[in-house]
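Q: My questions are about this predicted structure, shown below with the sequence.
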Amino acid sequence: MKTSAGAARRGRANPALRELAPVLAIVFLFLLPGLASAFPSFSRQVGRDCTYCHNAFPKLNDTGRTFLYNGYRFEAEEEWKEVKDLSTIPVSFEVEVEGMYDRIKTGSAVSESSDLKIEEAEIMAGGAFGRTGKVTSLAMVAVEQDGDGFDAGIHKAFVQINDLAGRTGAGALNIKAGIGEIGIAFLNPLTTPISNRYLADRVLGVIGSGERFFELNGSFENEGQRVFNHRYRAGISREDVNSNDKLKGAYASWAVSIDEDFSIGAVARAGEERDGSVDVSYKKYGLAAEAEKGPFILTLGYFLSEKTSQSQISDYLAELLYFIDRFTLGARYEVASSSGDRVTSQTYIARYDILRNAIAQFEYRRLDDKDLLAGGGENEDRLRVMLMAVF
């Protein structure tokens, strides 16, 4: 991106973004009033700022991962109540407006486009219920713009029965079923401020979101000179196969954080999925590590997908986030390859937190895929200017 060719690409994109600037400014002014005292429902529930669980929203820190795996509870503080006693309604809203510019090249053909759209308007409701938080439930319903129309869908919805074993509130063993993400505790498509999809999701399918599953999960802690927080998941997933017998996948993941600033984890999946008119067996694996030092978070990952009668695909990724005060800078480099074919993806973001729950973000994406592994163009340059409000 720092080469003269990359600068030239950005220069060609600027006129299109300048045309969108007045509209984006109007949208910003529309979203700004009344947000200063607004907080997401979980923050209201526990009476803390969002930064208690997030480094750079939606990136979870280790405290946030504990809150998630314990069924939206903190064990020591017993912050759960009967539904009828809730002092705040457990509902949050998100609105995201996106200005976009795309330049896609395939062979000698080049296409350019720009647009302004409501990327997402989402409502989320849920939390832990009962005097001991025995049941946790969550639903996220979103409306997204698709061309000139709008589509509604469920992004995430589940019911979890907590504390089947161990101490009340510790979440040592839980049963969970619904729609959500499958990945590693600190690395999945929904917990990074970079909105561009991972190749590990888009091409390999090792991790993913919007997947239906039934699982056992939980967490436990070993404390000595160092504190080890373990988190695990194991279950079955619904796969897209040709028959009506859809429960064709199984998965397991494990991650451990050490003193809250270093994490390692793994995920494994096996099953069947559709390949045209036939179903093929697959095995998929992932390893990742993450280190947090001051304002930096570095994440590294390796993923592998093997399918019957097909060449295996491997993927390497590195993601670096820098956050200080209201600013977040991020970069991700990812490369997937199979039998000499190769696709690389680069993403860069700059974010400013206008308020604690209102965000402006610039994102540049570059894809080089002359072998068409990712199913798009040979070369793709995409610019995004996003305004997000969560309240």
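A: Now that the structure is in, tell me what you want to look at. Residues are numbered from 1 along each chain as shown.

Q: for the stretch 201-350 of the chain, what spans make up the strands?
A: Ranges of strands in the stretch 201-350 of the chain, per DSSP state E, counting those that start in this stretch, are 208-223, 227-237, 249-258, 262-275, 278-293, 296-307, 313-324, 327-338, 341-355.

Q: My error: substitute the stretch 51-200 of the chain in the last question.
A: Using DSSP E, counting those that start in this stretch, the strands of the stretch 51-200 of the chain run over 91-106, 109-129, 135-146, 149-165, 173-182.

Q: Give me the nearest residue to Arg366, chain neighbours excluded.
A: Among residues not flanking Arg366 along the chain, Gln346 sits closest, at 4.5 Å (CB to CB, 6 or more residues apart in numbering). The way it works is simple: take the backbone N, C-alpha and C, and place the C-beta from them, glycine included.

Q: quick one on the thing from earlier: mind putting the strands of the stretch 51-200 of the chain in CSV, mean neighbour count and mean pLDDT included?
A: Below are the strands of the stretch 51-200 of the chain laid out as CSV (neighbours: other CB atoms under 10 Å; pLDDT from 0 to 100):
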stretch, mean neighbour count, mean pLDDT
strand 91-106, 19, 94
strand 109-129, 16, 92
strand 135-146, 17, 91
strand 149-165, 15, 93
strand 173-182, 19, 97
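
Q: The strands of the stretch 201-350 of the chain into CSV, with extra columns for distance to Gly149?
A: Shown next, in CSV, are those (distance: least, CB to CB, whole Å):
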stretch, distance to Gly149
strand 208-223, 20
strand 227-237, 30
strand 249-258, 32
strand 262-275, 27
strand 278-293, 33
strand 296-307, 34
strand 313-324, 34
strand 327-338, 31
strand 341-355, 28
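
Q: Tally up the residues packed near the spatially closest residue to Ile264 that is not a sequence neighbour, please.
A: Closest residue to Ile264 apart from its sequence neighbours, by CB to CB, 6+ apart: Ala289 at 4.8 Å. Here the number of neighbours of Ala289 (other CB atoms under 10 Å) works out to 17.

Q: tell me the pLDDT at Ala289?
A: pLDDT for Ala289: 98.

Q: a markdown table for the strands of the stretch 51-200 of the chain, including distance to Asp369?
A: Formatted as a markdown table, the strands of the stretch 51-200 of the chain follow (distance: least, CB to CB, whole Å):
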| stretch | distance to Asp369 |
| --- | --- |
| strand 91-106 | 9 |
| strand 109-129 | 15 |
| strand 135-146 | 24 |
| strand 149-165 | 27 |
| strand 173-182 | 25 |
